[in-house]
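Colleague: Here you go, sequence then predicted model.
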Amino acid sequence: MKKTPLLKSYSAATRMAAPALPLWLKRRVRKGKEDPARLGERYGIAGLPRPDLQLGGKLVWLHAASVGESQMLMPVILRILSHLPESNIVITTGTVTSADLLAQILPKRAVHQYAPADHPKAVANFLAHWRPDMAIFAESELWPNMIMQTKALNIPLALINARMSAASIERWDKRGKKSGQALLGAFDLILAADTTTADGLTWLLGREVEAAGNLKDAAPALGVDKTALKKLKTAIGRRPVWCAASTHVGEENLIAIAALAIKAKKPKALLILAPRHPERAKQVKNLLTKAGLSVLRRSSNRMPTDKTDVYLVDQIGKMGLVYRLSKTAFIGGSLLDNLSGHNPLEPARLDCAIITGPHIASFADTYMAMMAFDGVKRILSPDELAPAVLKYLGDPKARKAKAAAALNFAQSRDAVLDYVWERLLPLLKKA
C-alpha cells in the first residue's frame, strides 16, 4: 500500500502524540469510558493469549466501533465459527458498554479485546501478538494506522456494511482524494450497506462497490433471560405497556410530556424507558421525577408496582426484554434534528408496533421500505407521540396489523447475511 503525503503526516502526528496517550486514557477512565483494569489493551498489549490453532485453523479479527456494530457482526461471527470449525475470533471495539455486552453473548472460540489506539506502536503490538489471518472492519471504522499496518503484513482486509454519507465522501474529495483511494483501496473487499455509500465509494475509488444491503437488517431476534421476563410479566400484570428505546439527551423531556399525557388517558399505563447510553440513567431519572413521574431503575433489582410510571432500563443488553414486554415501541434518536434514528428491525422481529420520529437519516432506506409495507408509524413532531401510542394501546387490532407488517418486512431482509457471507467466504478460505 503506497502512503500518500496526508497518510504519512497522519502516521507521524500519531507517533509524536504518543506521550499524550496516557493522559487521554486516564481522562477517559475518570469519565467511565475506559476499563482501568484493561488499559494495556489500548496500547496493543493483549489481555489474553493467542489461541493455539489446530492444523488449518485461522484467527479472524473483526473490528467494530461499539454496541450496535458489534451486535451486527454476531451473525458473521457465528457463520465463521460454524463453517470454519478450526477457526477462532478476536473482536475489538472501543467502548466499555460494547465490552460488557460481548462478554454476555460471545460464543466459545471468540474473545473480545479493546481496540488498540490508532498509534503505530500500539497497532504493531496488537498485530504481533494476535497475528490474524484476516481482518474484517465494520461500517465506517477507518483508522489509518490499523488499516495501513494490517495491509503491510499482507493480511486480507474486508470492509462490510460500509456506511458513509455524501458529505463524508465530499470531505475525502476536499482533503485528499488520493489518500481516500489509498486507504479504502487497501480493502480487498468492500460491501456497502446502502446505495448512497456504494455510489460514493464507486466514484471515489474508481471501481465498483456493491450495495449488499444493511447487515443490521439480517440480525436474528434479540435474546432474553426467560426467568427475568416471566418475573416482570407477573409484576406488570395486565397494565398497558409501551417503551421508548435508544433515547438521547433532549428526548427524555419530550417523552416525559408524552408519558404524562398517556397517563391522563390511561392511568395504569407503564413506560419502559431504555436510554441509548445507560450511564445517563441517574440524569434521566432525575428529569422524569421532576416531571412528576414515579421511576424505578432496573438496577435496583426491584419489581415495578402499580405505582410505577416508568421502569428505567439502565443496563446494557436488555432490549430483547424491553421489546417483549412492550409490544408498542417508540424508537428514539429521532425526535431532534441533530439525531438520525436507530435500527427499527430489532423491535420488528419481536412483534412490536413501531413508532419513529421524523429524523431517520441513518436508517432512511430501511424506514422508507418499512413505510411502504405499512410497518412503521412516523410522527412529524413530539406532540404526535402520545396520540400515536394511545392508538396502539387502545386498538389491539391496529397494533397487531402494524406489528405483523413490520415482521414480514424484517424477515424479507434475511437474505443480506447470505449474500455477505458468499462474498466473504472466498477471502476467508484464501487467508
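Modeller: Cool, the structure landed.

Colleague: Dig out what the residue lying closest to A162 once chain neighbours are set aside forms beta bridges with.
Modeller: Of all residues not flanking A162 in the chain, A192 sits nearest, at 4.6 Å (C-beta to C-beta, 6 or more residues apart in numbering). Any C-beta I mention is one placed from the backbone N, CA and C, and that applies to glycine too. Beta bridges link A192 to A162, A211, judged by DSSP bridges.

Colleague: A192: neighbour count?
Modeller: Neighbourhood size, A192 [other C-beta atoms under 10 Å]: 24.

Colleague: And M319, by the same measure?
Modeller: 22.

Colleague: show me the contacts for it.
Modeller: If you count contacts by C-beta atoms under 8 Å, 6 or more residues apart in numbering, M319 has them with L222, A245, A274, E346.

Colleague: Contact partners for the second one?
Modeller: If a contact means C-beta under 8 Å, 6+ apart, then A245 has A274, M319, V322, Y323, A329, F330, I331, G332, H342, P347 as its contacts.

Colleague: The residue nearest to A162 reaches L205, doesn't it?
Modeller: No: here A192 lies out of contact with L205, judged by C-beta atoms under 8 Å, at a distance of 11.3 Å.

Colleague: re the thing from before, just put the contacts of M319 in CSV and tack on secondary structure, pLDDT and distance to N301.
Modeller: Conversion of those to CSV gives the following (DSSP: H, G, I helix; E, B strand; the rest coil; pLDDT from 0 to 100; distance: C-beta to C-beta, whole Å):
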residue, secondary structure, pLDDT, distance to N301
L222, coil, 89, 22
A245, strand, 98, 22
A274, strand, 98, 17
E346, helix, 93, 25
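
Colleague: wait, which of the residues you listed is closest to L21?
Modeller: Nearest to L21 among the contacts of M319, counting by C-beta to C-beta, is A274 at 33.6 Å.

Colleague: Show me what the closest one is bridged to.
Modeller: Beta-bridge partners of A274, as defined by DSSP bridges: A245.

Colleague: That one touches E252, doesn't it?
Modeller: No: A274 lies out of contact with E252 (C-beta under 8 Å); the separation is 11.0 Å.

Colleague: if I look at the two, which residues touch both of them?
Modeller: Common neighbours of A274 and E252 (C-beta under 8 Å, 6+ apart) are A244.

Colleague: Quick check, central residue of the chain?
Modeller: Centre of the chain computed as the mean C-alpha position; nearest residue by C-alpha atoms, centre = their mean is G68, 0.9 Å away.

Colleague: Let me see the contact set for the nearest residue to G213 once chain neighbours are set aside.
Modeller: Once flanking residues are discounted, G213 sits nearest to V416: 3.8 Å by C-beta to C-beta, 6+ apart. By C-beta under 8 Å, 6+ apart, the residues touching V416 are A212, G213, N214, L215, D217, A218.

Colleague: sec struct for V416, please.
Modeller: Of the three states, V416 takes helix under DSSP: H, G, I helix; E, B strand; the rest coil.

Colleague: related to what we said a few turns ago, so can I have TSV of the contacts of V416 showing pLDDT and neighbour count?
Modeller: What follows is these, written out as TSV (pLDDT from 0 to 100; neighbours: other C-beta atoms under 10 Å):
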residue	pLDDT	neighbour count
A212	93	22
G213	88	22
N214	88	23
L215	90	24
D217	83	25
A218	83	21
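
Colleague: out of those residues, who's nearest A372?
Modeller: Nearest to A372, judged by C-beta to C-beta, of those is D217 at 14.5 Å.

Colleague: pLDDT below threshold where in the protein?
Modeller: Residue ranges of the chain with pLDDT under 70: 1-2.

Colleague: Tell me which stretches of it form strands.
Modeller: Chain-ordered strands for the chain, with DSSP state E as the definition, fall at 59-63, 88-93, 110-114, 134-138, 157-162, 189-192, 210-211, 241-247, 270-275, 295-297, 310-312, 328-331, 353-356, 377-378.

Colleague: Quick one: closest of those strands to V29.
Modeller: Here strand 110-114 is closest among the strands of the chain (C-beta to C-beta), at 12.2 Å.

Colleague: Strand partners (parallel or antiparallel) of the closest one?
Modeller: Taking DSSP bridges as the criterion, strand 110-114 sits next to strand 88-93 (parallel) in its sheet.

Colleague: Point out the other elements, helices or strands, that the longest helix along the chain touches.
Modeller: Longest among the helix segments of the chain by residue count, using DSSP state H, is helix 166-184. Judged by 3 or more C-beta pairs under 8 Å, 6 or more residues apart in numbering; DSSP states H and E, helix 166-184 is in contact with helix 5-16, helix 144-152, helix 195-205.

Colleague: ok, how many other residues are close to E170?
Modeller: If we define neighbours as other C-beta under 10 Å, then E170 has 12 of them.

Colleague: Dig out what L312 forms beta bridges with.
Modeller: L273, R297.

Colleague: How far off centre is the longest helix of the chain?
Modeller: In terms of C-alpha atoms, centre = their mean, to the nearest Å, the centre of helix 166-184 is found 24 Å from the chain centre.
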